[in-house]
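Visitor: fold the following, please.
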Amino acid sequence: MDTALVQPWHDSRPAETNRWYVRLLPSLTDFAFILPLFLLFGMLRGASQLLSDGDTGWHIRTGDWILQHGRIPTVDFFSFTMPGRRWYAWEWGWDFLFGFVHHWTGLAGVVFLNVVLLCLSAALVFRLIRRYSENDILAFAFTMLAVCGSMIHWLARPHLITWVFALLFSHLILSVEQGNRRMLWYAPPLMLVWTNLHGGFFTGIMLLLASALGDALQVTFGNAKPSARSYRRAFEYLACALGCALVTLINPYGWHLHQHLIGYLRDSTMLNSITEFQTISFHNPGSIFFECMLLIGVTAAFWCFSNQLVGLGLTTLLWAHAALFSSRNIPIFMLLSAAPAALLAQELLTRLGHSALFSGLVRDVKDIVLEFKPFERASRSYLVSGVGLLFVGISLAAGKGAFHSEFNPKSFPAPVMTAVHNAHFHRLFTSDQWADYLIYSYYPSQSAFFDGRSDFYGDGMIGKYQHIMSAQYDCEELLKKFSIDGVLVKTDQPLATVLKRSQDWKLLFDNGSAIIFQSRKGRIE
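Guide: Down below sits the predicted model:
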C-alpha cells in the first residue's frame, strides 16, 4: 500500500484531551455505533422490522432442538414431505446461540443481539474507513451511506454475523498492509468460528485471495523489477487463505458441507425462484443508496488500481458484481466499498483545493478536520454507546411501541395463524414464510409442506410448491398426492380462486387478507 495515501496518525494531542471528562464525551465512533438504533427505532418499524422474515422462526426452533437433544441435526424434522431426509443445518452455531437466548429472554433478546450486530457493523465500517482515509468527517459520511444501503437486509438472521466477520477480516488485511503481518495468524481461528455460524464464511477467503492477487499484480506490473522476495506478502495471503480453507472443514458435516453449498449456489434454476437472490428493483426507494455507492465505488476501484491499492480495487469490483447479481450481496458491497469510496472523495477534495474557486473552502474544511482530530482520537469510555444499548435493552424488555418484539403483524397476522392452529390440520399447505412462522409458533404439533430452507428442499420440491401456489394445471392433483387436508394462502393468490370453485374444498376462514380451506375428505390420519 502506498504509505503516502494511508499513514498512521501520530498522537500529538493537546493536554486538554487527556482530561477525565473528555473520556465521557461522545465520539464519532459512538455516533456510528448508535446510528442503526436511530434508523431502526426512529425511522423504520423497530423490532418488527428485524422480525419481518419467517426464517428466524425455524432457526430458533432448530436451536431449541439442539439444546434439547445435545447434538447437531443431520436429518429433517420440520416437514411432512421430506421427514428423515439428510439436512445440513449449516448455521447451527447461530441457531444454538439464539435458541438459548430465546429460551431465557424470548424474541426481545433475539432482537437485542441482532441490534448489537448491526451496531458493531456500523462502528467497524467507520473505523475501517477512518484507518484508510484519516479523515474523521469523511469517514462518518460514508459510514452513513453504507449503513443506510444495508437496511434492505436488516433481518434477525445469521447473515448479520457475516457482515461483522467480513469487516474484521478487512481490518486484519489493512493491518497486514501497514506492516503487521502477524495479524494473519488471527484469520484461521476467526474462520473456524465464522464457518459454524453462517455459510458466508467464503467471503473471508475471497478477501484474502483478492489481496494476494492484488499484491502479485502490483509487484508484477510495478516500476521495480520483481523478485521472489517481492512476492512474499502475496504468498503469505495465499497461505493464509489456504489455512482458512482447511479450517472450514472443521464443522459437523466436514467436506460434505462445501459440496452442499457449492451445489446450492450453482443451481440457477432454484436461485431464480428465491427473491433475495434476484437483482434489486431500482424502483425501490431504498435503492438510491446502492446506486450512489455503485457509481462512487466502481470509480474508486479504478482509482485504487492507479494508486497501488490493487487488492482493495479488486475487492470492490468483485462485490459490485455480486451486488448486481444478487440483492442479498448489496449490504456487504456497501460496507466493503465505503473505504475506497472515501479515499476517492478525499482525492477529489485535494484536487479541488488546488483550484482558485474552491481553494479557500477546502482549506477551511481541512483546518476544521485537523482541529477536530485530537479530540476525536482522545481515549473514550464510549459511554454514549453503552447508554444507547442499555436504553434499547430496557425498552425491548418493556415491549412498548416500536420496541414490542413480535413477528411483523403485517406479514404474519396472528389471528389467522391461531385459526389455522385451532383447525388441527395434519398436512397444511401454505407459503414458505407462513410455514416458518407456524413452525416457530406451534412446532412440533405443526409440520410444513415447504418452508424457508430452500437448499434442503431443492428445485424439484420448489417446482411443486410453485405449481400449487400459482394454481397451475396440476395443483389439485399435487394436493391429493401429498394428502393435503388444509390450505392457507392470501386471498389474492390464484390458488384461492381455484379452491373456491372446487367441490373438494370448503371455506373455513376469510378475513379479506388470508383465507383457509379444508379438504371435504376430512383430516388425513
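Visitor: what about V420, which SS state?
Guide: The three-state label given to V420 by DSSP: H, G, I helix; E, B strand; the rest coil is helix.
Visitor: ok, it - contacts?
Guide: 428, 430, 438, 446, 486, 488, 516 (C-beta atoms under 8 Å, 6 or more residues apart in numbering). Glycine gets a C-beta too; all of them are placed from N, C-alpha and C.
Visitor: tell me which helix or strand the third one sits in.
Guide: Secondary structure assigned from DSSP states H and E places L438 in helix 432-442.
Visitor: so what's the model's average confidence on the following helix or strand past that helix?
Guide: Counting by DSSP H and E, the next helix or strand C-terminal to helix 432-442 is helix 454-469. Averaged across helix 454-469, pLDDT comes to 92.
Visitor: next, the buried residues of helix 454-469.
Guide: Neighbour-count burial for helix 454-469 flags 454-459, 461-462, 464-465, 467-469 (criterion: 16 or more other C-beta atoms under 10 Å).
Visitor: and stretch 299-309, by the same measure?
Guide: Buried, per 16+ other C-beta under 10 Å, within stretch 299-309: 300-301, 303-305, 307-309.
Visitor: so what touches it?
Guide: Here stretch 299-309 makes contact (C-beta under 8 Å, 6+ apart) with 1-2, 5, 214, 218, 222, 310, 312-314, 316-317, 320, 337, 340-341, 343-344, 347.
Visitor: switch to 10 Å and redo it
Guide: Under the contact criterion C-beta atoms under 10 Å, 6 or more residues apart in numbering, stretch 299-309 has outside partners 1-6, 132, 177, 214, 217-218, 221-223, 293, 296, 310-320, 337-345, 347-348.
Visitor: now, those that are in helices?
Guide: 132, 177, 214, 217-218, 293, 296, 310-320, 337-345, 347-348 (DSSP state H).
Visitor: please check those residues and keep the buried ones.
Guide: Among the ones in helices among the contacts of stretch 299-309, those buried by neighbour count (16+ other C-beta under 10 Å) are 132, 177, 214, 217-218, 293, 296, 310-320, 337-345.
Visitor: which residues does G254 contact?
Guide: T248.
Visitor: tell me the phi and psi of it?
Guide: The phi/psi pair for G254 (degrees, to the nearest 10) reads phi 60, psi -140.
Visitor: flag the shaky bits of the stretch 151-300 of the chain, pLDDT-wise.
Guide: The stretch 151-300 of the chain contains residues with pLDDT under 70 at 223-225, 227-229.
Visitor: what segments of it are helices?
Guide: Remark: helices assigned in the stretch 151-300 of the chain by DSSP state H, counting those that start in this stretch are 159-177, 187-195, 202-220, 232-247, 255-266, 268-271, 287-305.
Visitor: can you pull the contacts of the residue nearest to L238 when sequence neighbours are not counted?
Guide: The shortest distance from L238 to any non-neighbouring residue, by C-beta to C-beta, 6 or more residues apart in numbering, is to A212 (4.4 Å). A212 is in contact with 231, 233-242, 311, 314, counting by C-beta under 10 Å, 6+ apart.
Visitor: what does F169 give?
Guide: F169 is in contact with 186-187, 190-191, 194, 203-208, 211, 244, 336, counting by C-beta under 10 Å, 6+ apart.
Visitor: buried subset of those?
Guide: Buried members of these, scored by 16+ other C-beta under 10 Å, are 187, 190-191, 194, 203-208, 211, 244, 336.
Visitor: quick check, nearest of these to A122?
Guide: When the buried ones among the contacts of F169 are ranked by distance to A122 (C-beta to C-beta), L336 comes first, at 13.8 Å.
Visitor: gap between the closest one and F391?
Guide: Distance, L336 to F391, using C-beta to C-beta, to the nearest Å: 30 Å.
Visitor: quick check: mean pLDDT of stretch 366-373?
Guide: 70.
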